[in-house]
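Peer 1: Make a model of this:
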Amino acid sequence: MHYDIDALRKTYAVIKAGLSCRVDQSDYDKLATKLPIIEELARVENRSISLYDINRASFLRKVDRHLELLGYSKNDQPNDIDIERYHAMIHPDDLPFMYDSEIKMYRFLSDKQDRKKEYKLVYDYRVQSKSGSYIRFLHQMAIFECDRLDNSWIMLIISDVLEQYPEDESPRRFIINTKDNRICLFDEESGIVDQLVTQREREILALVAQGLDSQSIAERLCISLHTVNNHRQNILRKTRSRHIAQAAFNLRCIGLL
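Peer 2: A predicted model of the protein is given here:
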């Protein structure tokens with residue numbers, strides 16, 4: 001897919017500049033009571049979790065186990081994490097993809113009114129580490145808080161490192177409804193219909209996690225070995241994974257398993 005990076009940058013800047021929030025200090029005071037929960041969640045799950053404040057165009061909180069990996073100091077404060085500096089670290093082939101994904105997400109959410117919080121953008125791209133190599137991150141972006149007029153205010157961003165991916169693997173993306181796990185946007189790019197994984201595929205993954213091999217799974221589910229193997233191959237294809245354990249990790253990160 002061809003992108004005009006200059007046009008995307010301009011569109012991205014226009015959209016971000018056009019986002020307005022009806023909030024005051026009392027809203028920030030209420031929000032402050034929720035921040036310790038975010039920090040504890042990041043610590044317990046050992047994940048990177050950030051809150052981006054659209055109103056102030058800066059990170060409100062960033063609990064990140066990847067900061068030092070990317071060359072930041074562990075003493076950096078949220079406002080020290082300049083978004084432009086971070087964008088400059090994204091692989092040049094993936095940066096237009098990132099802009100385009102977030103542009104389409106903001107446009108998609110603008111039509112959802114009071115249902116905005118039901119959706120999240122799931123996308124991955126490569127970011128340069130302090131060693132010079134690229135790390136592939138799986139990001140999830142959703143609305144954490146809306147303002148008094150139901151405009152997007154605080155964005156929640158969860159990041160995980162995707163291991164064992166070929167460096168030249170193209171990025172992927174989709175917007176998913178968190179209530180029914182249905183893909184709402186970008187599904188056509190990966191040939192995925194309706195849901196990333198089916199109920200049967202989740203059943204098979206759960207049995208794999210219990211240590212069952214394909215023959216045992218076939219017997220447990222009363223289906224053929226060929227059918228089980230087909231499901232396993234479909235899981236690998238749809239999650240772009242090399243093996244089932246990697247597929248299960250990816251789906252757990254997204255919340256589908």
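
Peer 1: C-alpha from now on. contacts and neighbour counts both.
Peer 2: Noted.

Peer 1: What sits closest to residue 96 if chain neighbours are left out?
Peer 2: Residue nearest to residue 96 in three dimensions, not counting chain neighbours: residue 5, with 5.5 Å by Cα to Cα, 6 or more residues apart in numbering.

Peer 1: what's the burial count for that neighbour?
Peer 2: Neighbour count of residue 5, defined by other Cα atoms under 10 Å: 16.

Peer 1: what's the distance between it and residue 115?
Peer 2: Distance, residue 5 to residue 115, by Cα to Cα, to the nearest Å: 31 Å.

Peer 1: With residue 97 instead?
Peer 2: 25 Å.

Peer 1: And those two? Which one has more around it.
Peer 2: Neighbours per residue, other Cα under 10 Å: of residue 97 and residue 115, the larger number sits with residue 97, 23 against 12.

Peer 1: And that one, which helix or strand is it part of?
Peer 2: For residue 97, the host element (DSSP states H and E) is helix 95-110.

Peer 1: buried residues in that helix?
Peer 2: 95-106, 109 (16 or more other Cα atoms under 10 Å).

Peer 1: cool, and stretch 154-165?
Peer 2: For stretch 154-165, the neighbour count (16+ other Cα under 10 Å) marks 154, 155, 156, 157, 158, 159, 160, 161, 162 as buried.

Peer 1: is it true that the fourth one touches residue 144?
Peer 2: No: with contact defined as Cα atoms under 8 Å, residue 157 and residue 144 do not form a contacting pair (9.1 Å).

Peer 1: Overlap of the contact sets of those two?
Peer 2: Common neighbours of residue 157 and residue 144, counting by Cα atoms under 8 Å, 6 or more residues apart in numbering, are residue 51.

Peer 1: can you give me the strands in the stretch 101-250 of the chain?
Peer 2: 119-128, 134-146, 152-161, 173-177, 183-185 (DSSP state E, counting those that start in this stretch).

Peer 1: and those as JSON lines, adding mean pLDDT and distance to residue 202?
Peer 2: Listed next are those as JSON lines, based on pLDDT from 0 to 100; distance: least, Cα to Cα, whole Å:
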{"stretch": "strand 119-128", "mean pLDDT": "93", "distance to residue 202": "19"}
{"stretch": "strand 134-146", "mean pLDDT": "93", "distance to residue 202": "20"}
{"stretch": "strand 152-161", "mean pLDDT": "92", "distance to residue 202": "21"}
{"stretch": "strand 173-177", "mean pLDDT": "93", "distance to residue 202": "17"}
{"stretch": "strand 183-185", "mean pLDDT": "90", "distance to residue 202": "16"}
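
Peer 1: between these, which one is nearest to residue 13?
Peer 2: Checking these against residue 13 by Cα to Cα gives strand 152-161 as the closest, at 16.2 Å.

Peer 1: Sheet partners, orientation included, of the closest one?
Peer 2: strand 48-53 (antiparallel), strand 134-146 (antiparallel) (DSSP bridges).

Peer 1: residues in contact with it?
Peer 2: Residues contacting strand 152-161 (Cα under 8 Å, 6+ apart): 21, 47-55, 116, 135-147, 253.

Peer 1: thought residue 105 was touching residue 175?
Peer 2: Yes: between residue 105 and residue 175 there is a contact under Cα under 8 Å: 7.5 Å.
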